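Q: sharing a model that was predicted from the sequence below.
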Amino acid sequence: MARRLTKASEKRKLLKQIADVELDLTMQLLKARWEVGRLVNSLYEAEGHRYGTGFVEEAADSLGVSERAVYDMLKCYRTYNSFGDLETLGVPWSIVKNLLMVPTKTKRKKLASRIKNESLSVKEAKILIAKS
């Protein structure tokens, strides 16, 4: 017979472990996207590409992602030159993409803090960002 999870402390411990793994995975995915942006940006600059040369389309094909995804990753890297700055926001990629539309670093940081502190969903975060 399976042992039931009856102790509140056991439940809390398991839920915390799940939350920790989810956060770790979220940060790893965020870092991977930032790294792609960094690498694509480096190649773009090293090869002296200009707008309209098909570079992003080629990068997207090579990576197996959409052009929009490459543009988003490039913009993420160019906005947050240090992954540490991005990591301290503590929000997932789906929210970071929306924060990239915010013109100032101070405003992005303030919005990210509010989104994180209030545990806003992606939909709620989009609405907040759009209103700002």
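A: Yes, it's here. Numbers count the residues shown, from 1 in each chain.

Q: quick one, helices of this structure?
A: For the chain, applying DSSP state H gives helices covering 8-46, 55-63, 67-79, 83-87, 93-99, 105-117, 122-131.

Q: center of the protein, which residue is that?
A: Most central in the chain under C-alpha atoms, centre = their mean is W93, positioned 2.4 Å from the mean C-alpha point.

Q: before we move on, the earlier item: in a markdown table: the helices of the chain, plus mean pLDDT.
A: As requested, these are exported to a markdown table (pLDDT from 0 to 100):
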| stretch | mean pLDDT |
| --- | --- |
| helix 8-46 | 88 |
| helix 55-63 | 90 |
| helix 67-79 | 96 |
| helix 83-87 | 91 |
| helix 93-99 | 95 |
| helix 105-117 | 94 |
| helix 122-131 | 95 |
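
Q: so of these, which one's packed in deepest?
A: helix 93-99 (a mean of 20; mean count of other C-beta atoms under 10 Å). To be clear about C-beta, it is placed using only N, CA and C from the backbone, and glycine gets the same treatment.

Q: which residues are contacting it?
A: 26, 29-30, 33, 72, 76, 86, 89, 91, 108, 111-112, 115, 122, 125-126, 129 (C-beta atoms under 8 Å, 6 or more residues apart in numbering).
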